[in-house]
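J.: Fold the following.
(chains A and B)
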Amino acid sequence: MPERASSAPGPNASLARVGRGLLAAVVLIALWQLTITLADVPRYILPSPLAVARALVDQHQLLAYHASITAIEIVGGLIGGVLLGLATALALARFRPLRRTLLPVLLVSQAIPLFALAPILMLWLGYGLLPKILMAMVIIYFPVASTGYDGLRQTPQGWLDLADTLGVNRRQRLLKVQLPAALPALASGLRMAASAAPIGAVIGEWVGASRGLGFLMLNANARLQIDLMFAALVVLVGFAVLLYFGVDTALRRAMPWQRDAVETPD
Amino acid sequence: MPSPPPGLEIRDASLTFDQRPLFHRLTASFESGSWTCLLGRSGSGKSSLLRMIAGLSLPDNHRLTLTVSDARPLRGRLAWMAQRDLLVPWQRVLDNVMLGARWRGQANAKDRQRALTLLDQVGLADKAGQWPSTLSGGQRQRVALARTLFEDASIVLMDEPFSAVDAITRLELHELACQLLVGRTVIMVTHDPQEALRLADRILVLQGEPAYLITQPTPTCRRPRPLADIELQQCQAELIARLREPAHA
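T.: Predicted coordinates for the structure are as follows:
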């Protein structure tokens, strides 16, 4: 018996997706070049795609060093933010008194602008990696906690009834019924978090750092190395795209039933 | 089954919805090993009564005294089947059958074998490894039946379990359920008079405002009764007439 006769979108489908993405990139780059040629933009305002590409190649060691710092901050923030957000969602769903006290705090925490938080974190924690990881964590934490909690709360009553009559305890109900039922909602929070993570790290680096892509951009800007600044931006965009698709792929793996559901004609 | 299934008795069943009493101090008994169908118009409170017996949460003001004939607690001896199949999409068909064991964290190889046997009994052994989303409505409800049987509960409560499938599938499910639920005390809520007359040893109608319970005659032949049975058709005419009576008679 074939366990999954029709597997995930075939190689052709994903190839087409990559192809469409590449096409969009080519069009954008062409527009970029066209703007420079037609409007005669000076290169210290907008460098040509070729100049940026050259900077990417010539300065790859410098870029790689700073990119690795930013990558550590993003990944650290992502892991920390997701774990903490998930724990908050589970705790809120499990303990009623917590909802009354923690939920308002959670909402207020979202009202604090991230830019205002950055200098305070620098003041308290210095110029190292930690405040940047914390910044990325803060930006990721809320969407994960809020979509996770919403998902946990909105378990269909039928499944809860079933769990009751099947004699499961509250902990089992939370982890085996509500949590998997919340996965689709949580997934949208995670995708949002993944694309927001680089923002937190870069803001942290802008406010005060001696390493990282954000620092490199500011530094290059001050020295009028605009091509290097754009090269750093390109790497950052690459991070965001990679992170989004990485999280998306991981989520698809975690929810194989959804993939099959889409495929069955019935 | 080692010991005979317990009978149930409810006393003082009251339910108030929005300050309107749906029923007040109802009394009924359900014989050991019998199949009782509970009918009534929409909003009569029949599903709520079943939920009360199952001990499930209800938003309204309610009260019920439940006596079990063998005086042992009901917990762990009760299985629930709802209108929706309630298969969880994140478990494959076989794991949905043994869902109780999985959720309680006690699934073992023996459970797996038993779940496979049950799937075979409902005619879906070849679907064991598939996701529920690949099944048709009738197949899903058969898996739900297998999951209900997996609990090996002596009391089975069903809330319109076959109402979401097409007419022919429903007739097939009747036969399957009748055969597989032998020797259990079954209480089933339905809005389909024909279904009740095919399956029930006893038919109770929830009627009036506040509602009281009326016992309706059932045909004498063996269950599941054929649709062509003359007696069934007579009973059906009577039952429908009963259900159409206005609430304030």
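J.: if I look at residue A:242, how far off is chain B?
T.: Distance from residue A:242 to chain B, counting by Cβ to the nearest Cβ, to the nearest Å: 27 Å. All C-beta spots, glycine's among them, are computed from the backbone N, C-alpha and C.
J.: go on, residue A:62?
T.: As judged by Cβ to the nearest Cβ, residue A:62 and chain B stand 46 Å apart.
J.: Doesn't that residue lie inside a strand?
T.: No: judged by DSSP: H, G, I helix; E, B strand; the rest coil, residue A:62 forms no part of a strand; its state is helix.
J.: Phi and psi next, for the nearest residue in space to it that is not next to it in sequence.
T.: Once flanking residues are discounted, residue A:62 sits nearest to residue A:216: 7.3 Å by Cβ to Cβ, 6 or more residues apart in numbering or on different chains. Main-chain dihedrals, residue A:216, degrees, to the nearest 10: phi -60, psi -40.
J.: Make sure residue A:216 is actually in contact with residue A:234.
T.: No: between residue A:216 and residue A:234 there is no contact under Cβ atoms under 8 Å: 12.0 Å.
J.: So which of these two has more stuff around it?
T.: Ranked by neighbour count (other Cβ atoms under 10 Å in any protein chain shown), residue A:216 and residue A:234 place residue A:216 first, with 28 against 16.
J.: who's in contact with the residue sitting nearest the centre point of chain B?
T.: Per Cα atoms, centre = their mean, the C-alpha nearest to the average position across chain B is that of residue B:158, at 1.9 Å. Shown in contact with residue B:158 (Cβ atoms under 8 Å, 6 or more residues apart in numbering or on different chains): B:80, B:81, B:82, B:148, B:186, B:187, B:188, B:189.
J.: now, which of these lie close to chain A?
T.: Counting by Cβ under 8 Å from any Cβ of the partner chain, B:80, B:82 from the contacts of residue B:158 sit close to chain A.
J.: Go through the contacts of residue B:158 and say which is closest to chain A.
T.: Of all the contacts of residue B:158, the one with the least separation from chain A (Cβ to the nearest Cβ) is residue B:80, at 3.7 Å.
J.: hang on, the closest one in a helix?
T.: No: under three-state DSSP, residue B:80 falls outside any helix and is assigned strand.
J.: I'd like to know how far it sits from residue B:43.
T.: Per Cβ to Cβ, to the nearest Å, residue B:80 is found 22 Å from residue B:43.
J.: Looking at those two now, which is surrounded by more residues?
T.: residue B:80 (27 against 13).
J.: number of nearby residues for the nearest residue to the more buried one once chain neighbours are set aside?
T.: For residue B:80, ignoring the flanking residues on the chain, the nearest one in space by Cβ to Cβ, 6+ apart is residue A:165 at 3.7 Å. Neighbours of residue A:165 under the rule other Cβ under 10 Å: 24.
J.: ok, now residue B:7?
T.: A count of neighbours around residue B:7, defined by other Cβ under 10 Å, yields 17.
J.: May I see the buried residues of the helix or strand containing residue A:131?
T.: Taking DSSP states H and E as the definition, residue A:131 sits inside helix A:129-153. Of all the residues in helix A:129-153, those buried under the rule 16 or more other Cβ atoms under 10 Å in any protein chain shown are A:129, A:131-152.
J.: avg pLDDT for it?
T.: Helix A:129-153 shows a mean pLDDT of 91.
J.: ok, now stretch B:210-223?
T.: Per-residue pLDDT over stretch B:210-223 has a mean of 90.
J.: mind listing what's buried in that stretch?
T.: Under 16+ other Cβ under 10 Å, the buried positions of stretch B:210-223 are B:210, B:211, B:213, B:216, B:218, B:219, B:223.
J.: And for stretch A:241-255?
T.: In stretch A:241-255, counting by 16+ other Cβ under 10 Å, buried: A:243, A:247, A:251, A:255.
J.: of all these, which comes closest to chain B?
T.: residue A:255 (7.1 Å).
J.: Nearest spatial neighbour of the most centrally placed residue in chain A, chain-adjacent residues omitted?
T.: Taking Cα atoms, centre = their mean, the centroid of chain A lies closest to residue A:194, which sits 1.1 Å from it. The spatial neighbour of residue A:194 that comes closest, neighbours along the chain excluded (Cβ to Cβ, 6+ apart), is residue A:247 at 4.0 Å.
J.: mind exporting stretch B:133-146 as PDB, just the C-alpha atoms?
T.: Extracted C-alpha coordinates of stretch B:133-146, given in PDB (Å, rounded to 0.1, in the frame of the first residue of the first chain):
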ATOM      1  CA  SER B 133      -8.700  14.300   4.200                       C
ATOM      2  CA  THR B 134      -8.400  11.700   1.500                       C
ATOM      3  CA  LEU B 135     -11.600   9.900   2.600                       C
ATOM      4  CA  SER B 136     -15.200  10.500   1.600                       C
ATOM      5  CA  GLY B 137     -17.800  11.600   4.100                       C
ATOM      6  CA  GLY B 138     -19.100   8.000   4.500                       C
ATOM      7  CA  GLN B 139     -15.700   6.600   4.900                       C
ATOM      8  CA  ARG B 140     -14.800   9.200   7.500                       C
ATOM      9  CA  GLN B 141     -18.000   8.400   9.500                       C
ATOM     10  CA  ARG B 142     -17.000   4.700   9.400                       C
ATOM     11  CA  VAL B 143     -13.600   5.600  10.800                       C
ATOM     12  CA  ALA B 144     -15.400   7.500  13.600                       C
ATOM     13  CA  LEU B 145     -17.500   4.400  14.300                       C
ATOM     14  CA  ALA B 146     -14.300   2.400  14.500                       C
END
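J.: So it, near chain A or not?
T.: Yes: against chain A, stretch B:133-146 shows contacts by Cβ under 8 Å from any Cβ at B:133, B:134, B:135, B:136.
J.: following whatever helix or strand residue B:118 lives in, which helix or strand comes up?
T.: Following DSSP H and E, one finds residue B:118 within helix B:109-121. Counting by DSSP H and E, the next helix or strand C-terminal to helix B:109-121 is helix B:137-150.
J.: Quote the end-to-end distance of stretch B:198-215.
T.: 16 Å (Cα to Cα, to the nearest Å).
J.: Now find how far off-centre that stretch is within its chain.
T.: Centroid separation between stretch B:198-215 and its chain, computed with Cα atoms, centre = their mean, to the nearest Å, is 15 Å.
J.: for stretch B:62-79, same thing?
T.: For stretch B:62-79 - counting by Cα atoms, centre = their mean - the centre lies 16 Å from the chain centre.
J.: Just the terminal-to-terminal distance for it.
T.: End-to-end for stretch B:62-79, by Cα to Cα: 22 Å.
J.: ok, now stretch A:49-65?
T.: Terminal residues of stretch A:49-65 lie 22 Å apart, using Cα to Cα.
J.: What mean pLDDT does that stretch get?
T.: For stretch A:49-65, mean pLDDT rounds to 93.
J.: Can you name the residues in contact with it?
T.: With Cβ under 8 Å, 6+ apart as the criterion, stretch A:49-65 contacts A:29, A:32-33, A:43, A:47, A:211, A:213, A:216, A:225, A:227-228, A:230-232, A:234-235.
J.: For it, which residues meet the burial criterion?
T.: Within stretch A:49-65, the residues that count as buried by 16+ other Cβ under 10 Å are A:49, A:51, A:52, A:53, A:55, A:56, A:59, A:63.
J.: could you dump those to JSON lines with distance to residue B:72 and secondary structure?
T.: Below are the buried residues of stretch A:49-65 laid out as JSON lines (distance: Cβ to Cβ, whole Å; DSSP: H, G, I helix; E, B strand; the rest coil):
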{"residue": "A:49", "distance to residue B:72": "79", "secondary structure": "helix"}
{"residue": "A:51", "distance to residue B:72": "83", "secondary structure": "helix"}
{"residue": "A:52", "distance to residue B:72": "78", "secondary structure": "helix"}
{"residue": "A:53", "distance to residue B:72": "79", "secondary structure": "helix"}
{"residue": "A:55", "distance to residue B:72": "79", "secondary structure": "helix"}
{"residue": "A:56", "distance to residue B:72": "76", "secondary structure": "helix"}
{"residue": "A:59", "distance to residue B:72": "78", "secondary structure": "coil"}
{"residue": "A:63", "distance to residue B:72": "73", "secondary structure": "helix"}
